[in-house]
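Engineer: The following comprises the amino acid sequence and a computationally predicted model.
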Amino acid sequence: MLPDAIPTVDLEQPDAAGAIDAACRTKGFFYLRGHGVPATVIERAFEHSAAFFALPEATKTAYHISNAHPHQRGYVPLFGEALDDTTPPDFKESYDLGVDLPSDHPDVVAGKPFSSPNVWPEVDGFKNAISAYHDAMMTLSERLVTLTAQGLGLGADYFDAAMRDPVGNLRLLHYPPSDQPGASGGCGEHTDYGFMTILAQDDVGGLQIEASDGQWLDIAPHPTEFVVNLGDLLTHWTGGRYQARRHRVVGGLRHDRYSIPFFLDPNVDADVSVVPTCMADETADAYPPINAGEYLQSRFDATFVYRQ
């Protein structure tokens, strides 16, 4: 058996912060074990994701993401996103959710980007299952943010202000078998946009990352572990010390593939500047301060067909 292409971080080990730092410096991806998320929470999320995608197309389209523009809530059909503008749009469908704010929340009333109630499809048990999974991801991401700060030699609470009201987008993804008409690559080459992504994937496979020599490496599914990868904003925060790695999902899959990425993104009003412990790095000057919300919106505008 070939060795894994990425390292493993175990949150039950005493030097988890150091392990995260090492993985972020070298690969930008790692498996995560000892995360504490119950298997039943993960299983129920996958079950209800599959139940939604099995609905008739007309039913799914009633929840189209354009109805909640610009807040990223709802259904994205096949070919509704193009993560790589040099290839055809992605052969996948998704359902997007986030932090479920009440309609009278001040940020919702003010029209703050990504601030909205979720759009819940009428699938029995869907809201409870997906809410439980989202809650688990929010809790887990808090641990990862703290450990990332410690791995960088910062105080454990360094990122707390920027993560006070995180965007916290969750996507349910379905890649149909690509022997269907019009099939192309499953998901184009890209880096993720925010701080960090926590991915649960089924056993079908297809995820690949680009190695430093340009080769594409398979990221094998590990049933009890998440795959974690860095986003562009964390690259920016670290002045290039941590690099978000390009990745893709290949076409040619023979079976339905389901995955659930959780995108931890900071407050939309967060200013992202190189952290003190990375300022002396040679690459730091290439990363001037940017606004998190503006950057995220620019990337969504560039990749989602309905926004263009």
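Structural biologist: Cool, the structure landed. Numbering: from 1, shown residues only.

Engineer: How about the spatially most central residue of the chain: which residues does it bridge to?
Structural biologist: The geometric centre of the chain, computed from its C-alpha atoms, lies nearest to Phe263 (CA atoms, centre = their mean), at 3.2 Å. Listed beta-bridge partners, Phe263: Asn169, Thr197 (assigned using DSSP bridges).

Engineer: What segments of the stretch 101-250 of the chain are strands?
Structural biologist: With strands called from DSSP state E, counting those that start in this stretch, the stretch 101-250 of the chain shows them at 169-175, 187-190, 196-201, 207-210, 216-218, 226-230, 247-249.

Engineer: pLDDT below threshold where in this protein?
Structural biologist: For the chain, the stretches flagged by pLDDT under 70 are 1-3, 69-70, 179-185, 305-308.

Engineer: switch the cut-off to 90
Structural biologist: 1-5, 66-72, 79-91, 111-115, 177-188, 211-214, 223, 250-254, 297, 299-308 (pLDDT under 90).

Engineer: List the buried residues in the helix ranked longest in it.
Structural biologist: Determined from DSSP state H, the single longest helix within the chain is helix 126-151. Neighbour counts over helix 126-151 (16 or more other CB atoms under 10 Å) mark 126-127, 129-134, 136-137, 140-141, 144-151 as buried. From N, CA and C alone the C-beta is placed, and that goes for glycine too.

Engineer: How far does it sit from its chain's centre?
Structural biologist: How far helix 126-151 lies from its chain's middle: 12 Å, per CA atoms, centre = their mean, to the nearest Å.

Engineer: which strands and helices sit next to that helix?
Structural biologist: For helix 126-151, the packing partners by 3 or more CB pairs under 8 Å, 6 or more residues apart in numbering; DSSP states H and E come out as helix 16-26, helix 39-53, strand 169-175, strand 196-201, strand 257-264.

Engineer: Including distance to Ala62, could the ones you listed go into JSON lines?
Structural biologist: Below are the helices and strands packed on helix 126-151 laid out as JSON lines (distance: least, CB to CB, whole Å):
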{"stretch": "helix 16-26", "distance to Ala62": "41"}
{"stretch": "helix 39-53", "distance to Ala62": "12"}
{"stretch": "strand 169-175", "distance to Ala62": "16"}
{"stretch": "strand 196-201", "distance to Ala62": "26"}
{"stretch": "strand 257-264", "distance to Ala62": "21"}
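
Engineer: Out of these, flag the one nearest Leu97.
Structural biologist: Leu97 lies closest to strand 169-175 among the helices and strands packed on helix 126-151, at 4.8 Å (CB to CB).

Engineer: Now mean neighbour count and distance to Gly18 too, for the strands of the stretch 101-250 of the chain, in CSV please.
Structural biologist: As requested, the strands of the stretch 101-250 of the chain are arranged in CSV below (neighbours: other CB atoms under 10 Å; distance: least, CB to CB, whole Å):
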stretch, mean neighbour count, distance to Gly18
strand 169-175, 23, 29
strand 187-190, 21, 29
strand 196-201, 23, 17
strand 207-210, 20, 22
strand 216-218, 16, 24
strand 226-230, 25, 15
strand 247-249, 24, 24
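
Engineer: possible to save those strands as JSON lines with distance to Pro102?
Structural biologist: JSON lines is the format used below for the strands of the stretch 101-250 of the chain (distance: least, CB to CB, whole Å):
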{"stretch": "strand 169-175", "distance to Pro102": "18"}
{"stretch": "strand 187-190", "distance to Pro102": "33"}
{"stretch": "strand 196-201", "distance to Pro102": "25"}
{"stretch": "strand 207-210", "distance to Pro102": "36"}
{"stretch": "strand 216-218", "distance to Pro102": "43"}
{"stretch": "strand 226-230", "distance to Pro102": "29"}
{"stretch": "strand 247-249", "distance to Pro102": "35"}
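
Engineer: To Phe79, which of these lies closest?
Structural biologist: The nearest among the strands of the stretch 101-250 of the chain, by CB to CB, is strand 187-190 at 11.4 Å.

Engineer: other SSEs contacting that closest one?
Structural biologist: strand 247-249.

Engineer: helices or strands up against the strand it packs on?
Structural biologist: Using 3+ CB pairs under 8 Å, 6+ apart: strand 247-249 touches strand 187-190, strand 207-210.

Engineer: residues in contact with it?
Structural biologist: Residues from elsewhere that reach strand 247-249, judged by CB atoms under 8 Å, 6 or more residues apart in numbering: 29, 83-84, 92, 175, 185-191, 206-210, 216, 219, 229, 257.
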